[in-house]
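In: Structure here, sequence nowhere to be found:
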């Protein structure tokens, strides 16, 4: 597997984990959605830097790889779980 594919899959998996963590923090600690969104953006930048260094990819290219999959997956799962928790609880 190429380095860019590894980075893409790491970011896809991290988006799912981050969405579950974000909804848990938001529900149990009553944190606003805007703060969760900013925290997710920061996590994306840190994750991009770490994965780029681990795989020997240029830092700027590492930021661009998986940008769409991370944010779309993270937002979709976060909103879906938030809606689910709001209707159940």
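Out: All right, it came through fine. As the structure is a computational prediction, the values presented were derived from the model and not from experiment. Numbers count the residues shown, from 1 in each chain.
In: so who does the closest residue to residue 52 other than its chain neighbours touch?
Out: Of all residues not flanking residue 52 in the chain, residue 62 sits nearest, at 2.6 Å (C-beta to C-beta, 6 or more residues apart in numbering). C-beta: built from backbone N, CA, C; applies to glycine. Residue 62 sits next to 7, 48, 49, 51, 52, 53, 55 when contact means C-beta atoms under 8 Å, 6 or more residues apart in numbering.
In: Narrow the residues you listed to those in helices?
Out: 7, 48, 49, 51, 52, 53, 55 (DSSP state H).
In: Spell out for me the ChimeraX command that would select the buried members of those residues.
Out: Buried residues within the ones in helices among the contacts of residue 62, by 16 or more other C-beta atoms under 10 Å, are selected in ChimeraX with:
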select :7,48,51,52,55
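In: mind giving me CSV with the ones in helices among the contacts of residue 62 and columns for distance to residue 31 and pLDDT?
Out: Converted to CSV, the ones in helices among the contacts of residue 62 look like this (distance: C-beta to C-beta, whole Å; pLDDT from 0 to 100):
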residue, distance to residue 31, pLDDT
7, 28, 95
48, 23, 96
49, 24, 96
51, 26, 96
52, 29, 95
53, 30, 95
55, 32, 94
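In: so which of the ones in helices among the contacts of residue 62 comes closest to residue 89?
Out: residue 48 (34.1 Å; C-beta to C-beta).
In: Point me to the residue sitting closest to the centre of the chain.
Out: Centroid check for the chain by C-alpha atoms, centre = their mean gives residue 15 as the closest residue, at 3.3 Å.
In: how far away is that residue from residue 89?
Out: Residue 15 sits at a distance of 24 Å from residue 89 (criterion: C-beta to C-beta, to the nearest Å).
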